[in-house]
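In: got a structure for you, letters missing:
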């Protein structure tokens, strides 16, 4: 019986994956204006019916912007859910639309000189790519212009793995696993003066990070960056694809906070989080506040039995 139910589960996942991939293919042919109209509807539905998304977003915004009134945070929450819905709807565009169409939708690139300067210096470049705007469009642009390597963890829905992998690799990006072998591949790329991408705002497993301030609260932050910088002298920049609703995207590259170059893990992690904050300041509604960024708490690391009381979610 266990084998039967396992089969049924895999079969159901396969059906769901096929349906999602079909939807992405259909949406790949839609214009930015059409996708934004759909996102406005989808975002409103999520706001109305998804208690979980509302709760996480509300908690995050209360921690990050305590000085704003409830009405302003509520309005920001609505816009955030709309932009997050837009990101999901735009995946077909980023992964499956003809490359020339995706490229045409990138209306401007700000700060490219920061990448070019590092490359002229003969150094590798680490791009901190937070969950802002549409990071898949950023991946498209980077892999279209430079040899580009990024870590990749297969999705829980296995049927989507080939779809996502094909979409991310189609412009030449190299995807490596989120393990020691992947870290070795990142080091090799940087030593070859190439460009790599790192997600700076994804909560790592215990033992792979430190607590460092992110806005008004300590967040468990990965310590991979200082190790890569120490061994390669790479330059660090922050990169985002900011959505221009109904029109396309603008790529922004920002100088990373200087603390990212510190050999001290906490100082470097503080610099990473400050770099993410600077990107969010471009337009706070385009950050994915629906992610549980503060799920791990210091009290849990300390082994306190009441650590759950300190979690915001």
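Out: Looks like it arrived, so ask away. Quick caveat, the model's predicted, so the values are computed rather than measured. Residues are numbered from 1 along each chain as shown.

In: pLDDT below threshold where in this protein?
Out: Along the chain, the model assigns pLDDT under 70 to residues 1-10.

In: need the strands for it, in chain order.
Out: Secondary structure of the chain by DSSP state E: the strands cover 106-110, 125-128, 148-151, 174-176, 195-198, 209-214, 217-222, 235-244, 248-255.

In: centre-most residue in the protein?
Out: With distances taken as C-alpha atoms, centre = their mean, residue 131 lies nearest the centre of the chain, 3.0 Å away.

In: I figured that one hits residue 200, correct?
Out: No. Counting by C-beta atoms under 8 Å, no contact exists between residue 131 and residue 200, whose distance comes to 9.3 Å. Every C-beta, even on glycine, is put in place using the N, C-alpha and C of the backbone.

In: ok so, going back, for the residue nearest to the centre of the chain, what are its contacts?
Out: Under the criterion of C-beta atoms under 8 Å, 6 or more residues apart in numbering, the contact list for residue 131 reads 199, 201, 202, 287, 288, 291.

In: state the distance from it to residue 199.
Out: Between residue 131 and residue 199 the distance, using C-beta to C-beta, to the nearest Å, works out to 7 Å.

In: the closest residue to residue 141 other than its chain neighbours: how many residues sit nearby?
Out: Nearest residue to residue 141, sequence neighbours excluded (C-beta to C-beta, 6 or more residues apart in numbering): residue 251, at 5.5 Å. The local packing of residue 251 (other C-beta atoms under 10 Å) involves 21 other residues.

In: residue 19 now?
Out: Residue 19 has 11 neighbours, counted by other C-beta under 10 Å.

In: now do residue 272
Out: Residues lying near residue 272 (other C-beta under 10 Å) number 29.

In: residue 72 too?
Out: With neighbours defined by other C-beta under 10 Å, the count for residue 72 comes to 12.

In: cool, residue 273 as well?
Out: If you count neighbours by other C-beta under 10 Å, residue 273 ends up with 24.

In: where's it relative to residue 250, distance?
Out: Where residue 250 is concerned, residue 273 sits at a distance of 23 Å (C-beta to C-beta).

In: pretty sure residue 191 sits against residue 124.
Out: Yes. Residue 191 lies in contact with residue 124 (C-beta under 8 Å); the separation is 6.9 Å.

In: anything in contact with each of these two?
Out: Common contacts of residue 191 and residue 124 (C-beta under 8 Å, 6+ apart): residue 232.

In: who has more neighbours out of the two?
Out: A count of neighbours by other C-beta under 10 Å puts residue 124 above the other of residue 191 and residue 124, at 26 against 14.

In: quick check on that one: phi, psi?
Out: According to degrees, to the nearest 10, the main-chain angles of residue 124 amount to phi -70, psi 160.

In: report the contact partners of the closest residue to it other than its chain neighbours.
Out: Once flanking residues are discounted, residue 124 sits nearest to residue 190: 3.4 Å by C-beta to C-beta, 6+ apart. Counting by C-beta under 8 Å, 6+ apart, residue 190 makes contact with 124, 126, 196, 228, 231, 232, 234.
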